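Student: Got a sequence here, can you build the structure:
(3 chains)
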Amino acid sequence: MSGRAMRVATARPIRRRWGRRYLLPLATCAAIILATFAVADSFHIEYAYIASYPVFQYVVLATAWNILGGYAGYVNFGIAAFFALGVYTSVVNYLTLQLPLPLMILVSGVIAGIVGFGMGYLTLRLKGAYFAIATLAFAIVLNTVFNNWYFVGAARGVSVLRPPAPYFFGTYPRYLFGVMLGLAVLSVLIARAVEYSWIGRGLATIRDDEIAAECSGVPTLRLKLIATTLSGALMGMAGAPFAYYITYVDPASAFSLTTAVNTVAMPVIGGMTSWIGPVIGALLLGTLEQVTTVTISSALSVMLVGVLLVTFVALAPRGILGVVKALWERRPWAKP
Amino acid sequence: MGVDAELLFYALQTGLLLGGFYAAVSVGITISFGMLDIVNIAHPAFIILGAFVAYYLNSTFGIDPLLSLVIAAAPAFLLGRLLYKMYYYAFERHGEESLQGLAFFFGILFIVEIGLILLFGVDYRFVEAPYISTTFNFWYVSLPLRLVIPLVVGLLMVTAIQLFTSRTFLGRAILAVSQDPGALRLVGGNPVKIKEIAFGVSIASAVIAGPLLIIIQPVEPSIGRDYIGRVFAICVLGGMSSLRGTVVASMIVGIAEAVTATFGGPAWAPAVAFSLLILTLLLRPEGMFQR
Amino acid sequence: MGEAVTQSAPVLRALQVTKRFDGFVALDAVDFSLREGERVGLIGPNGSGKSTFVNSLTGVFPIDHGSVLFNGTDITRLTAWQRARLGLARSFQLPRPFKSQSVRQNIEIPLMFAVGQTNPDRIAAEAEAILLQVGLGAQSRASPKSLTQVELRKLELGRALAAKPRVLFADESMAGLSDTEVDEVLEVLMKLNAEGISIVLIEHIMRTVVRFSERIVVLVAGKKIADGDPREVMSHPEVERAYLGQ
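Tutor: Take a look at the predicted model:
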C-alpha cells in the first residue's frame, strides 16, 4: 500500500475553540450533578434515590445504544447481553475479590467493550437486519450460559449484600444514585464528543449510505467497530452497580426484555440523530415509567413503553427532537 | 444397543418429530423474511398468541386445539394483512424500513408478550385433549401423539404453502415479488397487495403453529423469545426463501437441540439454534440451500 | 488494446477481471487499461456489466478472478475506502448523497476521509471551492433532498472530485437531462480532465460518449468486444449489431 493509503483515519474536523468545547460542557455537567443531588436530597427520603436510579441507568443505556443505533443506523438488540455482563462482573467480584464498585465499573466496561468488539468483528460485515438478529441471538446464548453457570447461582440467582457506603454518600442508595448519575453524565459527554468528531461524521455517512461512504474513503468497518466497542463498554458499565441495586441477581432480571425494549424505545422516542435525543427519551420515559409503576402497575407501565415505541416509530420516526425541529422551522414569527 | 446409542437414537427420534413442528413455526418467516424481505422479529409472539387462543378456547369452551387452529387461521390472516398495511404506510413506502421497521416489530413483539401477561399472567398454561398422553410404541420407536400431530400438521402446512406458491397465480406472484418487485408491476400486478396477502399468510401460519406448540408443551408468554432464534436460524440455514430448505433446516435444528438436551442438559437447548444461526451467518450467509 | 498502452504508462489496469453472481457471469475476463489523463467512454447495452465493472474496479465487491493494478501496485485485495484514498473515485449512476448532511458536508466527507485533511476551516473552504467548480456554489447549505436531478449529478461529481482522485469513474445517467444540462455536466468533466484526472465515462447516450471520449470500450454480456478510436468502434460490426439489435 502506498503512503497515502496508510495514512489512516486521521481526519479530524470542526475543532471549536477549546473553552467552548470542553469548559462549558464540563461546567454544565458539574452544575447538573450538584442540582440533581440537591433536588433528590430535598425529598429527605431514601426512595427518591431508589426511584431515580433507573432513570439515570436508562440515560446511560439509551445514550450508549444510540452511538451505534442512532449514529450509524445499526440496530443492536443485544443490549441485555452487555448490561448483564456488567451485572455478572459485579456478582463474580462480590463472590470473590470484593473490590470496590468504581473499579468494578471500569472492569465491566473493559469486559463488555472487548465482547462488543468481538461481536462486532464477527457480525458487522453482515447486512443491518442480520446484524440485528445476530445480536439478539448473542443475548440469548449468553443468557443460556448464565442460566447454567452454577458459580453465580445459575437460573436460581444469587443474593448480593451491599457493603457500607463510602463516607461522603451516607447511605448506599444515595451512593448508587451518585454513581449512576456520574455514569450518565460521562456517557452523554462521550456520545456528544463522538457525534461532533470525525467518528460521528463518518458514522452518519454509514447511516445514510454505506457504499457511498466506503467510496468516499470512510473506513466503515473500523468506525462501526469503534462504535460497537464504545457502546458495549458503556452498557456494561451501566450494569455493574445494578447487582447492588436489586441485591438479588438472576438471569431473568439481568437479561430482562424490558431493559432491551426501553433502551431501544428511548432514543427512538427522543430522536436518534443527536446525543440529546436519547437523554430526552430516557428522562421522559424513565420518569413516566416510575410514576406509572407506582400509581398503576409495572406491567402496564412496560406496556406503555411498547405502545409508545410503536407509535413513535410509525408516526414520528425522528422522535421528539424531529417534531420540535419541524415545529421550529414552521414557527409563525419566523422571517420569510 | 448400548446406553449411549439408545439415548442418541431417542434424541434423533425426538429431534425429527420436533423438526416437523419447527417447520410449521418457521415457514412464515421464510415467507416474510426470506421472500418479502420484512424482518418480522415479532413472528414468535404470534405463535404464542396462537397458543393462548387455543388455551382460551380449550379452557373456557372445551374446544380441541386442532379445531381452534382452524378457527384462528382466518382472523390471523386478516391481522397479518393489517399489520403489513401499517408497516407499508409507515416505513416501506418511504424506503426507511430497515432501522425503523426493526424497532417497530420489536415493539410489536413486546406489546403482544406483555398483553398476554396482562391477560393470562406468567404461569405455564396447557390444554386438554384426548391424544396428548397417547404414545404408540413399536421396536425401539416410540411415537407420542403430542409430537406426531404437530409434525403431520406442520408438514401439511409447508406442503400446502409449497403448492400455493408453485401452482397458483397468486403464489407465483409472491415469488415474483420476492425476486423483482418492478417486474411484477410491468405485467399489471400490484406488488403491495401481493406482499400484503403473503404477509397475511405468514402471520396466519405463525398463529396456526401456536395450538401445535401448546399441544407439545405448556406455554407461558415469554417463551416466544426462544423461538426468535429458532425461526431465523432455520430460515437462514435453509437458504432464506426455499421451502424445502426450511423443512431440512428444521429437522437439523430439531435434532441438534434434542441431542444437546439429551447429552448436555435441557437448559442448554435454547442456545443451540442461536449458535447455529451465528455460525451460519458467519460461514455461509447464503444458507445451505438455494432456491 | 495495443494502441492504448503505447503512449505512457497506464495509471489503472484490469487484468482478466471476472465476476459471477450466483453462477451468472457478469464480467468475463475483461482486460482494461487507462492512461494518465485519458478520457475513455465505456458503453454497452443494459445489463452488459458496465456498473459491475465499475464496482469491481472501485472495490465495492470482491472479484472472483483477475487482478486490478493502480500505478503498478496490485490493489485487488484492497477495500473500497482504501482505493478511494489511493485516488480512485466514482460517481453513482443513481445519485447516492448523504441525505442527513448538507450539500457542503457531503463534499467535506471525502476531504476528511479520503484525502485526510484535518483543519476544519480549510476543509470547509475547499469544499466551497469544489462546489463552485461543479456549479453548486449557491446550494452549499441546502439539503440534498431539495436538489434537482442535474444538481444531484453535480453533487455526485463534486463528491468524487473532493477525494482528489487520479482516476474518476463517472457512472452517469443523463437520460433525463436536457441538452444544456448534459452540456453542463460534460463541461465539468472536461474541466476535471484538463486538471490531469483520467476519466472513464459510463453513459447510455451514444452522442454524449462519442463527443467526450478519446477512446471507447464496449461491453456486451460481460465481455469486452471492442476498444479503440470512437469512430472505428462505432462502425465495428459487432457493436452495430449489439446496439441496433436492441
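
Student: Which residues does the helix or strand where A:L284 lies contact?
Tutor: With elements taken from DSSP states H and E, the one containing A:L284 is helix A:276-295. Residues from elsewhere that reach helix A:276-295, judged by C-beta atoms under 8 Å, 6 or more residues apart in numbering or on different chains: A:51-52, A:54-56, A:58-59, A:61-63, A:65-66, A:70, A:188, A:191, A:262, A:265-272, A:300-302, A:304-305, A:308, A:319-321. Placement of C-beta: from N, CA and C, glycine included.

Student: Just the CA trace of that helix, in PDB.
Tutor: Presented in PDB, the C-alpha positions along helix A:276-295 are these (Å, rounded to 0.1, in the frame of the first residue of the first chain):
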ATOM      1  CA  ILE A 276     -29.700  14.900  23.300                       C
ATOM      2  CA  GLY A 277     -32.400  12.700  21.800                       C
ATOM      3  CA  PRO A 278     -31.700   9.600  24.000                       C
ATOM      4  CA  VAL A 279     -31.300  11.900  27.000                       C
ATOM      5  CA  ILE A 280     -34.700  13.400  26.500                       C
ATOM      6  CA  GLY A 281     -36.200  10.000  25.800                       C
ATOM      7  CA  ALA A 282     -34.700   8.400  28.800                       C
ATOM      8  CA  LEU A 283     -35.600  11.200  31.200                       C
ATOM      9  CA  LEU A 284     -39.200  11.400  30.000                       C
ATOM     10  CA  LEU A 285     -39.900   7.700  29.500                       C
ATOM     11  CA  GLY A 286     -37.900   6.700  32.600                       C
ATOM     12  CA  THR A 287     -39.800   9.100  34.800                       C
ATOM     13  CA  LEU A 288     -43.100   8.200  33.200                       C
ATOM     14  CA  GLU A 289     -42.400   4.500  33.900                       C
ATOM     15  CA  GLN A 290     -41.500   5.200  37.500                       C
ATOM     16  CA  VAL A 291     -44.700   7.100  38.000                       C
ATOM     17  CA  THR A 292     -47.000   4.600  36.300                       C
ATOM     18  CA  THR A 293     -45.300   1.700  38.100                       C
ATOM     19  CA  VAL A 294     -46.200   3.400  41.500                       C
ATOM     20  CA  THR A 295     -49.600   4.700  40.600                       C
END
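
Student: Only the buried residues of it, if you could.
Tutor: Residues of helix A:276-295 classed as buried by neighbour count (16 or more other C-beta atoms under 10 Å in any protein chain shown): A:276-286, A:289-290, A:292-293.

Student: so B:V207 touches B:L49, yeah?
Tutor: Yes: checked against C-beta atoms under 8 Å, the pair B:V207 and B:L49 is within contact range at 6.1 Å.

Student: between those two, who's got more neighbours?
Tutor: Each of B:V207 and B:L49 has its neighbours counted (other C-beta atoms under 10 Å in any protein chain shown); B:V207 has more, 27 against 24.

Student: show me the contacts for the more buried one.
Tutor: Counting by C-beta under 8 Å, 6+ apart, the residues that B:V207 touches are B:46-47, B:49-50, B:53, B:72-73, B:76, B:79.

Student: okay if I get those as CSV plus pLDDT?
Tutor: Below are the contacts of B:V207 laid out as CSV (pLDDT from 0 to 100):
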residue, pLDDT
B:F46, 96
B:I47, 95
B:L49, 96
B:G50, 95
B:V53, 95
B:A72, 92
B:A73, 92
B:A76, 95
B:L79, 95
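
Student: coming back round to it: between the buried residues of helix A:276-295, which sits nearest C:E151?
Tutor: A:G277 (30.1 Å; C-beta to C-beta).

Student: Ramachandran angles for the spatially closest residue to that closest one that is not a sequence neighbour?
Tutor: The spatially closest residue to A:G277, leaving aside those adjacent along the chain, is A:G271, at 3.2 Å (C-beta to C-beta, 6 or more residues apart in numbering or on different chains). Backbone geometry at A:G271, expressed as degrees, to the nearest 10, gives phi 130, psi 130.

Student: How about the residues of the stretch 1-150 of chain B by chain A?
Tutor: Residues of the stretch 1-150 of chain B found near chain A, taking C-beta under 8 Å from any C-beta of the partner chain as the criterion, are B:33, B:39, B:41, B:86, B:90-91, B:96, B:98-100, B:102-104, B:106-108, B:110-111, B:113-115, B:117-118.

Student: Show me the shaky parts of the chain.
Tutor: Went with chain A since none was named. Where chain A drops to pLDDT under 70, the residues are A:1-21, A:334-336.

Student: Wait, chain C was what I had in mind.
Tutor: C:1-8, C:243-246.

Student: just so I have it, where are all the strands in chain A?
Tutor: Under the criterion DSSP state E, chain A contains strands at A:158-159, A:248-249.

Student: does B:S178 really touch B:M35, like I thought?
Tutor: Yes: taking contact to mean C-beta under 8 Å, the distance of 3.7 Å between B:S178 and B:M35 places them in contact.

Student: Now do the shared contacts for those two.
Tutor: Jointly contacting B:S178 and B:M35 under the rule C-beta under 8 Å, 6+ apart are B:S241.

Student: you'd agree C:L94 is up against C:S173?
Tutor: Yes: in this structure, C:L94 sits in contact with C:S173. The criterion is C-beta under 8 Å, and the distance is 7.1 Å.

Student: Looking at the two, which one has more neighbours?
Tutor: C:S173 (17 against 9).

Student: Would you mind giving the secondary structure of the residue nearest to the more buried one when sequence neighbours are not counted?
Tutor: Spatial nearest neighbour of C:S173, excluding adjacent residues (C-beta to C-beta, 6+ apart): C:Q93 at 4.8 Å. Counting by DSSP: H, G, I helix; E, B strand; the rest coil, the backbone at C:Q93 sits in coil.

Student: repeat for C:I225
Tutor: Following three-state DSSP, C:I225 is assigned to strand.

Student: Might one say that it is in contact with C:R241?
Tutor: No: because the distance of 9.5 Å does not satisfy C-beta under 8 Å, C:I225 is recorded as not touching C:R241.

Student: The two: which has the busier surroundings?
Tutor: Between C:I225 and C:R241, counting by other C-beta under 10 Å, C:I225 is the more crowded of the two (18 against 12).

Student: I'd like to know how far B:V127 sits from B:V153.
Tutor: In this structure, B:V127 and B:V153 are 15 Å apart, going by C-beta to C-beta, to the nearest Å.

Student: Check C:D179 too.
Tutor: 66 Å.

Student: quick one: which of the two has more around it?
Tutor: Each of C:D179 and B:V153 has its neighbours counted (other C-beta under 10 Å); B:V153 has more, 20 against 10.

Student: Helix or strand: which one has that one?
Tutor: Using DSSP H and E, B:V153 falls within helix B:145-167.
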